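**Q** from the sequence below, what's the structure:
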Amino acid sequence: MHLPPALQSSLTQNPLIQVRHLAAGLSRQMSRIEIQMADNEPFATGKNLYSGGEIIRKYLPDIETLFQQRPTPQRMIFELLMELKDLVYAGMLGCEREVIEWDLNNFSSFEDLDEAIVRAITPMSSDTARPDSATGTRKLLRRKPSSLAGPSRPWLHEESEILFHLESLDTTASAMTHLPVPVTDFVAKSAITLRRTLPRQVLNDHSLAKRKRTGRCAEYARCMKWAGTSWRQGGGCRRGCKNEDEDPEGLPSWHSSSRWFDQTGTYMVGGGRGSVERKSSVPRVREI
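**A** Purely as a prediction, here's the structure:
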């Protein structure tokens, strides 16, 4: 995996590293690329360091290895893929026509990303550990069926959260159609999959509510990340959005302060359970 040297060394020497640490490492690597691209933008020619397809081919295989973990950390995988989706658009934004055509004509990277997002969204029929030929003689942890959530209950079930992610997918897909070579079906399967989880009336009401918004939120669910400085200093759309440092509960699920903190992330790579417990209220120590 493309992890920081310290974490890569730790993983090599200590096989008991937790899955959430891998997710955090991958997220940091993508953030580093995003910063590098922002710094290089004034000097870019043809493409800004990486094309969108190159970014997918760089990170998607590593993210997909998390599907092999039992129990599968679907939320973490989905959150990483959503970060990757945003980074892909940033990469394509700096590409000239020839580079985009080369990416589209010679690779299936965009389709691979779409399929991975659908896989992360789709409930798994069984998340119990089973032997894997890739692990040799090592046996993964066997879990008893949870009495809290049945096998048919998807991890992504809150209406407001589904609408947030759906809007993010739709808006990035819309932005991709304005490239020098329009990409017309970006993450199309993923958006359709999310829409099917909600009643038609809920989708219609959400569409009407979007039209009544002011500012960029009508176009993008994460305006506070993508909008300019003047927009943020002016209060944005005044919906009460918070920056990451102001909203520790809104961080991705591999952070222990997150409201979606995922216990599957405390499992060790290859099986076994970590000792981290979920905090009942405000965390005393902020961990990654």
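**Q** list the contacts of Asp205.
**A** Asp205 makes contact with no residue under the criterion Cβ atoms under 8 Å, 6 or more residues apart in numbering. Any C-beta I mention is one placed from the backbone N, CA and C, and that applies to glycine too.
**Q** do Ala90 as well
**A** With Cβ under 8 Å, 6+ apart, Ala90 has these contacts: Glu34, Met37, Asn48.
**Q** let's see that with 7 Å instead.
**A** Neighbouring residues of Ala90 by Cβ atoms under 7 Å, 6 or more residues apart in numbering: Glu34, Met37.
**Q** roughly how far apart are it and Glu167?
**A** As judged by Cβ to Cβ, to the nearest Å, Ala90 and Glu167 stand 18 Å apart.
**Q** please name every helix or strand in contact with the helix ranked longest in the chain.
**A** In terms of residue count, the longest helix belonging to the chain (DSSP state H) is helix 19-40. Judged by 3 or more Cβ pairs under 7 Å, 6 or more residues apart in numbering; DSSP states H and E, helix 19-40 is in contact with helix 52-64, helix 74-93.
**Q** residues touching the shortest one, excluding its own?
**A** It stands for helix 52-64. 1-2, 26, 30, 33, 77, 80-81, 84, 87-89, 91-92, 103, 107, 109, 112-113, 116.
**Q** nearest to Lys212, of the helices and strands packed on helix 19-40?
**A** When those are ranked by distance to Lys212, counting by Cβ to Cβ, first place goes to helix 74-93 at 25.6 Å.
**Q** got the angle for whatever helix or strand comes next after the closest one vs helix 52-64?
**A** Using DSSP states H and E, the helix or strand that follows helix 74-93 in sequence is helix 97-106. Helix 97-106 and helix 52-64 are oriented at 50 degrees to each other (axes from the mean of the first three to the mean of the last three Cα atoms, to 10 degrees).
**Q** quick one: name whatever helix or strand follows helix 97-106.
**A** Downstream of helix 97-106, the first helix or strand assigned by DSSP H and E is helix 109-121.
**Q** which residues does whichever helix or strand comes after that next one contact?
**A** Sequence-wise, the next helix or strand downstream of helix 109-121 (DSSP H and E) is helix 159-176. Applying Cβ under 7 Å, 6+ apart, the external contacts of helix 159-176 come out as 82, 85-86, 89, 92, 156, 183, 186-188, 190-191, 194-195, 197-198, 202, 206, 219-222.
**Q** which of those residues fall within helices?
**A** Members of the contacts of helix 159-176 lying in helices (criterion: DSSP H): Met82, Lys85, Asp86, Tyr89, Met92, Ala188, Ser190, Ala191, Leu194, Arg195, Val202, His206.
**Q** show me the shaky parts of the stretch 151-288 of the chain.
**A** 151-152, 213-247, 262, 264-267, 269-288 (pLDDT under 70).
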